[in-house]
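Novice: curious how this folds, go ahead:
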Amino acid sequence: MFFQSWSHHHKAVEQLYPIYVSLAKTKHVLEQLLESGLYTEITLKEVEAGIAKLHRNVDELRRIARERATASPMTSTASDHSAAGAAAGDAPKASKGDLAAGALAFGPGLALVESKLQACNKDLASLRAALAAIDPALLPLHTRLIEIKHELASLLARHSPHAFSLAEVQILQDDLREIDSIRIDGKFLGKDDGAVLPGQAAVIWLLEACYDDVHELLALREAIGGDNPLRPVYERLVRIKGRLERAYTVAKWNMRMDDLVPLQIELGEIDNLRVDGNEDRDGDQAPHSTSAVTTATTTAAAAAAASAAAAVPEGQAVLHFLLHKCYRIVYKLQMAAEPVADALMPVYASLATLQRCLLELKKWRVRLAPRDLAMYQMRLAKIDDMRVDGRFYGEENGGGGGGGGAAGAAGAGQQQAQQGEVPEGQGVLHAMLDACYELLRELQSASESADDEDEIDLDDDDDDGDFDDDGYGDEDDREEDD
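Specialist: Numbering: from 1, shown residues only. Next up is the predicted model:
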């Protein structure tokens, strides 16, 4: 959609569209591989073959552009000189502007496609570097774990406990145990010297992820239902787990700490239902003996009575797995969430939007006019003026705009500073503000460099029409005057 809108504005030719679509798909695949880490040497070879084919297509476009750049000035110059006569016998000479006109036969779209291709090559190099960091002795284990992860993912995609058998899960679980048995004290060691093999962090991460999927499948097979007293707790945990997984998949970068508090409270309430590590709705506990000396018969009778009175409901393993799974997702969301206070969220949102906009402008090499640069500079200056003694205190302290708003922000900020109330997230906001200033300086330098190049091209074009000593531009003009 972006390329369609962009090409409509810049009039990109149709030959670029299929190449750009292929590059966009390849870039998306590479980003998924970087995020998931589930790839092998075979996967990279397939992606590399596709990128090589796109390289050939782009090289063909460059060749066509060079041919048009060479042919365009020759044709136009010959037609201009035929009217004036060819008495001089000079060969037509191509200027910089004519060569640029031939290169622009594909419009700015060719530069866009080349930029996309460079981004794909960069991601491919990152994937190869990560794979090269794994010791050759661990590569077979790494490959096998990725195969197991894909098989487990296919079983999880069925979403039904009756769509797969326990035998399928147990076979994969046995393979995982066999790989896990190679570890010594939790580490993969070399056979010769017993040294810790490099790259095992990626292998151990895959092993733990596979175990997590196996437990997920077993939990699906042991769903709690019927008249089990733990069924409400089970259904409640399933709902919480679904909400956390959706939040982690869709909105983990926009999550705040406060958004997780209700879910943490709900998990704490479920956790408090446990008695001696087991879920027990009645909360009954086995009685403790107060007698120092008891007979074997009395002890056996008391144990039997306690066991009957405090029977542990079935489904403990499933509930423990779901509870721990929810806690792990909460921890991951806390690590991904930006620690920014609610009072500073409007400032954070403004800086995030501005930073994304400047990154896109830099990415697509957009030339900004002085008026556009001034607009971004004013926006950054407005955000910067909200700081009091180098700290942000939120927009509500400023109230409105203009000098009165700034004065109000300063007064309220100084009052909060005296009280020791500094909202959380200062480091994040200052880092984003510095990044925006740096991006704006880069865009300004790029625009100034492009303007200087345009001035040089204009000077070169003017040199072709310099006046001679007699005041005429060239011999053709003197013939017309005669």
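Novice: ranges for the strands of the stretch 201-350 of the chain?
Specialist: Remark: strands assigned in the stretch 201-350 of the chain by DSSP state E, counting those that start in this stretch are 274-275, 278-279.
Novice: now do the stretch 1-150 of the chain
Specialist: Under DSSP E, counting those that start in this stretch, the stretch 1-150 of the chain gives no strands.
Novice: lowest average pLDDT across the strands of the stretch 201-350 of the chain?
Specialist: Among those, strand 278-279 has the lowest mean pLDDT, at a mean of 64.
Novice: can I assume L230 is in contact with A317?
Specialist: No. In this structure L230 lies outside contact range of A317 using C-beta atoms under 8 Å: 11.4 Å. Where you see a C-beta, it was placed from the backbone N, CA and C, and this is true even at glycine.
Novice: between these two, which one's more packed in?
Specialist: L230 (21 against 12; other C-beta atoms under 10 Å).
Novice: quick one, phi/psi of that one?
Specialist: Per-residue torsions, L230: phi -90, psi 0 (degrees, to the nearest 10).
Novice: cool, V196 as well?
Specialist: Dihedral angles (degrees, to the nearest 10) for V196: phi -70, psi 130.
Novice: that one - nearest residue in space that isn't next to it in sequence?
Specialist: Leaving aside its sequence neighbours, V196 sits nearest to K187 (C-beta to C-beta, 6 or more residues apart in numbering; 5.5 Å).
Novice: and the one you found, what are its phi and psi?
Specialist: phi -130, psi 150.
Novice: what about it, how many neighbours?
Specialist: The number of residues near K187, taken as other C-beta under 10 Å, comes to 12.
Novice: who does it bridge with?
Specialist: Judged by DSSP bridges, the bridge partners of K187 are I184.
Novice: distance check, D342 against S22.
Specialist: Distance, D342 to S22, using C-beta to C-beta, to the nearest Å: 44 Å.
Novice: look at those two and report which has more neighbours.
Specialist: S22 (18 against 13).
Novice: is it correct that the more buried one is in contact with I51?
Specialist: No. Between S22 and I51 there is no contact under C-beta under 8 Å: 9.5 Å.
Novice: how about I134: what's its closest non-neighbour residue?
Specialist: G199 (3.2 Å).
Novice: next one: phi and psi at P313?
Specialist: Per degrees, to the nearest 10, the backbone of P313 is at phi -60, psi 150.
Novice: thought it was touching R231?
Specialist: No. Counting by C-beta under 8 Å, R231 is not a contact partner of P313; they are 9.5 Å apart.
Novice: as a check, name the ranges of all helices in the stretch 251-400 of the chain.
Specialist: 257-271, 296-309, 316-336, 345-363, 370-384 (DSSP state H, counting those that start in this stretch).
Novice: can you tell me which of those is nearest to V113?
Specialist: V113 lies closest to helix 345-363 among the helices of the stretch 251-400 of the chain, at 13.6 Å (C-beta to C-beta).
Novice: so which bits of that closest one are buried?
Specialist: 345, 347-348, 350-352, 354, 358, 361 (16 or more other C-beta atoms under 10 Å).
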